[in-house]
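Undergrad: missing the sequence, but the structure's below:
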């Protein structure tokens, strides 16, 4: 589990409108997520880990290229009107801060690294130190969505490669 001092959304600004004539900018701050889950097929303690690793298995048969990820969820329903269609919201800004804890071995790289610089047989070398941190909206599997996927929900598939 990520602790309150480890994850912070200091500013989440969303413009929402119920019709073209009305619009409102709303800002909210969340000291910790309402859902924090280590997404890894061999995770024996979903939603209860103090730390979560993130790593890839690019070009490894049977694994996702992004093999281990951190899934964060925030209950925004008390700050932003829920239930409107996706076209009724426009996210203006989101800031995410996380604590890195790996004995000072982390090198942040704020530049894009092309896909062909990853993997065991990378076509091109990555010429700068480190890798970027990628933030994506989740693509749920097996019929789950944000209202039905919880910290302790089964990962969603049986990996092709044994632990």
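TA: Yep, it's here. Everything quoted here is computed from the prediction, not taken from an experiment. Numbering: from 1, shown residues only.
Undergrad: C-alpha from now on. contacts and neighbour counts both.
TA: OK.
Undergrad: what segments of this structure are strands?
TA: Counting by DSSP state E, the chain has strands at residues 7-19, 22-30, 35-39, 69-73, 89-94, 97-98.
Undergrad: and the gap between the residue nearest to the spatial centre of the chain and residue 115?
TA: Closest to where the C-alpha atoms of the chain average out (C-alpha atoms, centre = their mean) is residue 71, at 4.4 Å. Distance, residue 71 to residue 115, using C-alpha to C-alpha, to the nearest Å: 22 Å.
Undergrad: so which bits of stretch 129-144 are buried?
TA: By 16 or more other C-alpha atoms under 10 Å, the buried positions in stretch 129-144 come out as residue 131.
Undergrad: what do you get for stretch 91-104?
TA: So for stretch 91-104, nothing qualifies as buried (16+ other C-alpha under 10 Å).
Undergrad: sorry, back to before: rank the strands of the chain by pLDDT, which is bottom?
TA: Of all these, the segment with the smallest mean pLDDT is strand 7-19, scoring a mean of 49.
Undergrad: the residue nearest to the centre of the chain against residue 40, yeah?
TA: No - in this structure, residue 71 is not within contact of residue 40 by C-alpha atoms under 8 Å, at 10.2 Å.
Undergrad: residues near residue 73, how many?
TA: Here the number of neighbours of residue 73 (other C-alpha atoms under 10 Å) works out to 16.
Undergrad: wait, residue 46
TA: For residue 46, the neighbour count with other C-alpha under 10 Å is 21.
Undergrad: so who does it touch?
TA: By C-alpha atoms under 8 Å, 6 or more residues apart in numbering, residue 46 lies in contact with 37, 38, 39, 151, 152, 153.
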